[in-house]
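Visitor: next one to model:
(chains A and B)
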Amino acid sequence: MRRFWKSIYKYRVAYAYVAPFFILFLIFSLYPIVAGFGLSFFRWDGMGSKHFIGIENYINLLKDSLFWTAFRNTVVIGVIAHIPILLGGMALAYILNSKLVKGANLFKTIYFMPMVTSAVAISIIFTQLFSNNYGLINYVLKLFGAEGYNWLGGDGSLIKVAVIVMNAWKWIGWNMVIYLAGMQGINTDIYEAAKIDGAGHVKTFFSITVPLIKPIILFTLVQSSIGMFNLFTEPFILTNSSWTGGVNNGGLTLMMYLLGKAPQGGTAYGYASSIAYVITIFIVLCSLVFNKLAEEK
Amino acid sequence: MKRTGKKIVLYAILIVIALVMLAPFYMMLVMSTLETNEIYSFPPHIWFGNNLVENFKSMMEQIDLGKAFLNSCIVTFSQTALSLLFCSMGGYAFAAYDFPGKKQLFAVLLGTMMIPFTAGIIPWFIMMSKLGWINTYWGLIIPYSANAFGIFWMRQYCQNNVPISLREAAKIDGCSEWLIFFKVVAPNLAPAYAALGIMQFVNSWNDFLVPLMVLRDNELMTLPLALKSMISDRANDYGAIMLASTCAVLPLLITFLCASKFFISGLTSGAVKE
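Guide: Numbering: from 1, shown residues only, chains lettered A, B, ... in the order given. This next block holds a predicted model:
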């Protein structure tokens, strides 16, 4: 026992160096996560006493049609937005990696610009671009002979399209840079061999490049599924800072619904905690599935 | 000949997408110079107007831009500085010392990276109000000032770039452990500080959710909150709002354009293994 303390003392500097992280983690991350699980079994308005109600919050949640609207919106936005982000990001990375074009750094810089831009500012700009009567997007559509749409109003169903477009615009460059780094790690001999075998660019892309950077693709999927389940700022600003997600709750996401219950829009702390845990379960499930896929050969 | 045709198609794709990426930024700049009734007109104005000065006056009546800018700087700089200190200390300890329990602690550290923090958002908020941190910057600075990824990343860097002999030599010279860290180790970490610092800085500068939950008073608002406060259900002065967006976006964007290579590798260092 004394030897134990002696060695602790001997390395006290090392312990002092790692202590801030572990102390802050215990207080500000671990404790809230554990407490949140407990709180999800209570009814509490944040002021008075807490009432233990078992799994009633979770049962109510399953019966809560607005929760399911938020869930559906979040999944629809998440899944559809990934199509341009993934495919576009990979196609752009492949083009820039192919040595057929010059100025790769310039294009990289331009595509990456949204990543250093405030989501609030971006959303404010897109609110104008998507404006029904005066927006640039409807103007361009009309130039090409199409009709304009009431993106952010109408029956609310197009709000999701606006959020998807914004997310694709924002994340395509980020994904491209990561895929490009992965592609640059591929030995060029493989491409030479494929060329000699007479494989075209499309075939090379799908049968060599994609399988080789599969782990990287799945890594970005884990990251972005976490991001999608926490999606809040963009739809919040696009729908005029409402907690209900605009017309017919068309832009209501899970995170927005959670914050609207508490602490921002209301005081249903226990209920909000159960929503937080359900979101967490979805995130964990997504991560598990993608990690499992990454392990497979 | 076929190759040239292919090249033209590829360039066309890249340029069209580049224009789509740039268009929102361009329109932001254009709308900052337009009267609100020019913004509310069809077809949309796509060239600069001459209402910039008026928009500026109107913006300054609605928000205290200088104060918001200063607030953002206070929060972002202190959060970044503190997290660089804690992450480099932690990373260095895991790289250079062989203390008992190191393996286990490091495994725990890696494990914490998998935990989704959304689960604790409500108790986190309650904790902020119990600590009296609502309406202060403590809630924005302290909880995120040491993160697992930063420590992990600093450890990698220390292992590859800070030779242990450096520490031994300094020890023989009679330096205390703290002095060794600040005088000998930290200066060697400059590239790692820069990359991690960029990541922290950008995230903190643009953060919206946490300030929205924690800050209430107008005088304390950071830039994203000040921007949001300009939008209401009533008639919005969109020229002024666009100018405020420009002011919030431009400093970081210009810095990025000046050192884009540096920024891109810094911001993606969590995802790209070298």
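Visitor: drop to CA atoms for contacts and neighbour counts, all remaining ones
Guide: OK.
Visitor: run a quick neighbour tally on the nearest residue to residue A:171 once chain neighbours are set aside.
Guide: Residue nearest to residue A:171 in three dimensions, not counting chain neighbours: residue A:85, with 6.3 Å by CA to CA, 6 or more residues apart in numbering or on different chains. Residues near residue A:85, counting by other CA atoms under 10 Å in any protein chain shown, number 23.
Visitor: same question for the one 3 residues further on.
Guide: Residue A:88: 18 surrounding residues under other CA under 10 Å.
Visitor: the strands in chain A, which residues?
Guide: For chain A, the strands defined by DSSP state E cover A:42-43, A:51-52.
Visitor: OK, contacts around residue A:54?
Guide: Applying CA atoms under 8 Å, 6 or more residues apart in numbering or on different chains, we find residue A:54 in contact with A:41, A:42.
Visitor: would you quantify the distance from it to residue A:40?
Guide: Taking CA to CA, to the nearest Å as the criterion, residue A:54 is separated from residue A:40 by 9 Å.
Visitor: what parts of the stretch 101-250 of chain B come near chain A?
Guide: Contact residues (CA under 8 Å from any CA of the partner chain) of the stretch 101-250 of chain B with chain A: B:116-125, B:143, B:146-148, B:177, B:202, B:205-209, B:213, B:224, B:227-228, B:231-233, B:242, B:245-246, B:248-249.
Visitor: which of these are buried, as a PyMOL select command?
Guide: Applying 16 or more other CA atoms under 10 Å in any protein chain shown to these, the buried members can be selected in PyMOL as follows:
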select buried, chain B and resi 116+117+118+119+120+121+122+123+124+125+143+146+147+148+202+205+206+207+208+213+224+227+228+231+242+245+246+248+249
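Visitor: quick one: the residue nearest to residue A:171 and residue A:177 touch, right?
Guide: No. Counting by CA atoms under 8 Å, residue A:85 does not reach residue A:177; the two are 11.8 Å apart.
Visitor: ok, residue B:68 to chain A distance?
Guide: 14 Å (CA to the nearest CA, to the nearest Å).
Visitor: which residues touch that residue?
Guide: With CA under 8 Å, 6+ apart, residue B:68 has these contacts: B:219, B:220, B:221, B:222, B:223, B:226.
Visitor: so how far is the helix or strand harbouring it off the chain centroid?
Guide: Following DSSP states H and E, one finds residue B:68 within helix B:65-96. Centroid displacement of helix B:65-96 relative to its chain, using CA atoms, centre = their mean, to the nearest Å, is 10 Å.
Visitor: buried ones in it?
Guide: Quick answer for helix B:65-96 (16+ other CA under 10 Å): B:65, B:67-73, B:75-81, B:83-96.
Visitor: next one: stretch B:123-135
Guide: Those would be B:123, B:124, B:125, B:126, B:127, B:128, B:133, B:134, B:135, for stretch B:123-135 by 16+ other CA under 10 Å.
Visitor: the last one contacts residue B:216, doesn't it?
Guide: Yes. Look at residue B:135 against residue B:216 with CA under 8 Å: they come within range, at 5.6 Å.
Visitor: quick one, helices of the stretch 101-250 of chain A?
Guide: Under the criterion DSSP state H, counting those that start in this stretch, helices of the stretch 101-250 of chain A are mapped to A:104-112, A:119-129, A:136-143, A:159-184, A:188-196, A:201-204, A:210-212, A:214-229, A:233-238.
Visitor: what's residue B:248 in contact with, if anything?
Guide: Applying CA under 8 Å, 6+ apart, the residues near residue B:248 are A:118, A:121, B:69, B:223, B:224.
Visitor: can you pull the contacts of the nearest residue to residue B:260 once chain neighbours are set aside?
Guide: Using CA to CA, 6+ apart and skipping residues adjacent in sequence, the residue nearest residue B:260 is residue A:109, 6.1 Å away. By CA under 8 Å, 6+ apart, the contact list for residue A:109 reads B:257, B:260, B:261, B:264.
Visitor: kindly report the same for residue B:64.
Guide: Neighbours of residue B:64 in contact, by CA under 8 Å, 6+ apart: residue B:219.
Visitor: quick check on it: phi, psi?
Guide: Per-residue torsions, residue B:64: phi -90, psi 90 (degrees, to the nearest 10).
Visitor: tell me the contacts of the one residue in the stretch 51-200 of chain B that gets nearest to chain A?
Guide: Taking CA to the nearest CA, chain A has its nearest neighbour within the stretch 51-200 of chain B at residue B:120, 3.9 Å off. Taking CA under 8 Å, 6+ apart, we find residue B:120 in contact with A:29, A:30, A:31, A:32, A:33, A:34, A:35, A:36, A:37, A:273, A:276.
Visitor: what pLDDT does the nearest residue in space to the last one that is not next to it in sequence get?
Guide: Meaning residue A:276. Distances taken as CA to CA, 6+ apart place residue B:119 nearest to residue A:276, at 5.0 Å, with adjacent residues excluded. pLDDT for residue B:119: 90.
Visitor: tell me the angle of the very next helix or strand once past the helix holding residue B:68 relative to helix B:65-96?
Guide: Sequence-wise, the next helix or strand downstream of helix B:65-96 (DSSP H and E) is helix B:102-112. Interaxial angle, helix B:102-112 versus helix B:65-96 (axes from the mean of the first three to the mean of the last three CA atoms, to 10 degrees): 140 degrees.
Visitor: how about helix B:102-112: buried residues?
Guide: Applying 16+ other CA under 10 Å to helix B:102-112 flags B:102, B:106, B:109, B:112 as buried.
Visitor: and those residues, which is closest to residue A:217?
Guide: Within the buried residues of helix B:102-112, distances to residue A:217 taken as CA to CA reach their minimum at residue B:112, with 22.3 Å.
Visitor: OK, contacts around the closest one?
Guide: By CA under 8 Å, 6+ apart, the neighbours of residue B:112 are residue B:148.
Visitor: and it, how far from residue B:44?
Guide: The value you get for residue B:112 to residue B:44, if CA to CA is used, is 49 Å.
Visitor: got it, and residue A:286?
Guide: When residue A:286 is compared with residue B:44 (using CA to CA), they lie 42 Å apart.
Visitor: tell me which of these two has more neighbours.
Guide: For residue A:286 versus residue B:44, neighbours defined as other CA under 10 Å are more numerous around residue B:44 (20 against 17).
Visitor: list the contacts for the residue of the stretch 1-150 of chain A found nearest chain B?
Guide: In the stretch 1-150 of chain A, the residue that lies nearest chain B is residue A:33 (3.9 Å; CA to the nearest CA). Taking CA under 8 Å, 6+ apart as the criterion, residue A:33 is in contact with B:117, B:119, B:120, B:121, B:123.
Visitor: ok, residue A:180 next?
Guide: Residues counted as contacts of residue A:180 (CA under 8 Å, 6+ apart) are A:90, A:93, A:94, A:96, A:97.
Visitor: at 7 Å what do you get?
Guide: A:93, A:97 (CA atoms under 7 Å, 6 or more residues apart in numbering or on different chains).
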